[in-house]
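Chemist: Here you go, sequence then predicted model.
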Amino acid sequence: MHEFSLALGLVERLKELAQKHKAKQIDKVYIKWGKLSGVVIDSFIFSFNLIKEEYPILKNCEIVVNEEPITYKCLNCNFVFEKEDFKFPKCPKCDSIQVKQIKGDAFLIEKVEMEVDDENKKR
Ligand SMILES: [Zn+2]
């Protein structure tokens, strides 16, 4: 249950943030995620939704996933291209298989939206 502990980690992080900004509620968390991160995003969201029930400030919190496409750079001609999967990547420009994966393994918090007491502003 790798995803469950990651979700617990996120909850901890959000609690810290809420405390720091004196937020009464966290509305949305934007997660940047790539297929190569090794995180099963559906399990992660499922776990998070289970855990958040325990915390009033997170009860209505929604996870928004921004997928980072798997991106390669050709070492032969420097062409940068995206691919749906990671099976036998090949440069579409020069057909070289000498390519380097440069994106697609992200797993991080991009942005958090919360309701802050007094000023009524969102962050
Ligand atoms: Zn190339």
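Modeler: Arrived safely. Residues are numbered from 1 along each chain as shown.

Chemist: what number of residues lie near Y30?
Modeler: Residues lying near Y30 (other CB atoms under 10 Å) number 16. Placement of C-beta: from N, CA and C, glycine included.

Chemist: and it, what is it in contact with?
Modeler: By CB atoms under 8 Å, 6 or more residues apart in numbering, Y30 lies in contact with V64, V65, N66, I109, E110, K111, V112, E113.

Chemist: can you tell me which of those are in strands?
Modeler: Among those, the members found in strands (DSSP state E) are V64, V65, N66, I109, E110, K111, V112, E113.

Chemist: In this model G34 seems to touch the second one, though I could be wrong.
Modeler: No: the criterion here is CB atoms under 8 Å, and V65 misses it with G34 at 10.3 Å.

Chemist: returning to that earlier point: got the contacts of Y30 as TSV, with distance to the ion columns?
Modeler: Shown next, in TSV, are the contacts of Y30 (distance: CB to the ion, whole Å):
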residue	distance to the ion
V64	34
V65	30
N66	27
I109	34
E110	30
K111	34
V112	39
E113	40
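
Chemist: picking that back up, of V65 and G34, which one has the most company?
Modeler: It is G34, of V65 and G34, that has more neighbours when counted by other CB under 10 Å, with 21 against 15.

Chemist: The more buried one bridge partners, please.
Modeler: E68 (DSSP bridges).

Chemist: How about the residue in the chain sticking out farthest from the centre: what's its closest non-neighbour residue?
Modeler: No residue in the chain sits farther from the centre than C94, which is 32.3 Å out by CA atoms, centre = their mean. Distance criterion CB to CB, 6 or more residues apart in numbering; nearest residue to C94, sequence neighbours excluded, is C77 at 4.6 Å.
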